[in-house]
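1. Sharing a sequence plus its predicted fold:
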Amino acid sequence: MAKQPRSLYGLVGAVTGGARGIGLATATAMSREGMKIAIGDLDGDLAAAEAAKLGGEAVGLPLDVTDRESFAAFLDQAEEKLGPLEVLVNNAGIMHLTPFLDEEDEWAVRQVDINIHGVIYGSKLALRRFTQRGHGHLINIASTAGKAGFPGGATYCATKHAVVGLSEAIRQELRGTGVEVGCVMPGVVQTELAAGLAQARAVKPVTPQDVAAEIIDALKKPRFDIFVPRSLGRITKVMNILPRGGREGVARALKADKVLTAIDHNARSAYELRASKSDPRLPSSDEQKALNP
């Protein structure tokens, strides 16, 4: 008999970068399942406003995932207000699009700090809670860029490869503990980040709600590989058995090599403006800075 999906009702979940995009869609979907939700975001006021819209038991709190103390305080406050944490979704991340040799070092450091160190901090802090209780579910948001390299986003791809590898290693270390680990690998998602991106053939963009729905499904019926859309999982399997020349040829045929290079900067202007204000150490540009909430 197939294992029945578990109920999420009453469980406590936390979502980083949860005030916009995939994070907000995930928090909303979790709330609709009856979960108690803590939204963490660098914009604490927006996090609080979005949590208020959810109603029920939801809180919005300030969170800087690059600061371990801030992350610890976020989880402590979430548990104080809502109860023992059962689910953490490490969603916060940034993406800077530019040819690798044109990338400012400050942007490379920022991506590593948020996309890798932020996920490491959150994973360690949550998993210590989970392993002590013998249950819990960690979901890390990576990308299909964690399975291949795409021109125009070399450092971003490197960080997402790191998230995939980190998640795979954690999963094996925690086997038999009662703690579940999942890794989400979406294609292009229709968020502010995706504005102006080129579209590959064969794989259409998905919505934040599509990603959230797959996360909910994986929480109910745990699985590690969470591709969105699911067809990306099948494509990835086929690509993995091809020799390098074949993989690169298929990518060119699908125009996947153009997704992060043939971009419309005007369409991304609002996103880039917000990104340039996310950290005063980052060099500002009207053309090539992007933040992924």
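-> That came through, no problem.

2. what distance separates the strand or helix carrying residue 130 from the middle of the whole chain?
-> For residue 130, the host element (DSSP states H and E) is helix 118-133. The chain centroid and the centroid of helix 118-133 are separated by 16 Å under C-alpha atoms, centre = their mean, to the nearest Å.

3. Just the CA trace of that helix, in PDB.
-> Provided in PDB are the C-alpha atoms of helix 118-133 (Å, rounded to 0.1, in the frame of the first residue of the first chain):
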ATOM      1  CA  GLY A 118      23.200  31.900   4.100                       C
ATOM      2  CA  VAL A 119      22.000  28.300   3.300                       C
ATOM      3  CA  ILE A 120      24.800  26.800   5.400                       C
ATOM      4  CA  TYR A 121      23.900  29.000   8.400                       C
ATOM      5  CA  GLY A 122      20.200  28.200   8.100                       C
ATOM      6  CA  SER A 123      20.700  24.500   7.600                       C
ATOM      7  CA  LYS A 124      23.000  24.100  10.600                       C
ATOM      8  CA  LEU A 125      20.700  26.100  12.900                       C
ATOM      9  CA  ALA A 126      17.600  24.300  11.800                       C
ATOM     10  CA  LEU A 127      19.100  20.800  11.700                       C
ATOM     11  CA  ARG A 128      20.400  21.100  15.300                       C
ATOM     12  CA  ARG A 129      16.800  21.600  16.300                       C
ATOM     13  CA  PHE A 130      15.500  18.800  14.000                       C
ATOM     14  CA  THR A 131      18.000  16.200  15.000                       C
ATOM     15  CA  GLN A 132      17.400  16.800  18.700                       C
ATOM     16  CA  ARG A 133      13.700  16.100  18.200                       C
END
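
4. neighbouring contacts of it?
-> 14, 16, 65-66, 68, 71-72, 75, 79, 84-85, 88, 90, 92-93, 136-138, 140, 163, 166, 170, 174, 177, 179 (C-beta atoms under 8 Å, 6 or more residues apart in numbering). C-betas here are computed from N, CA, C, even on glycine.
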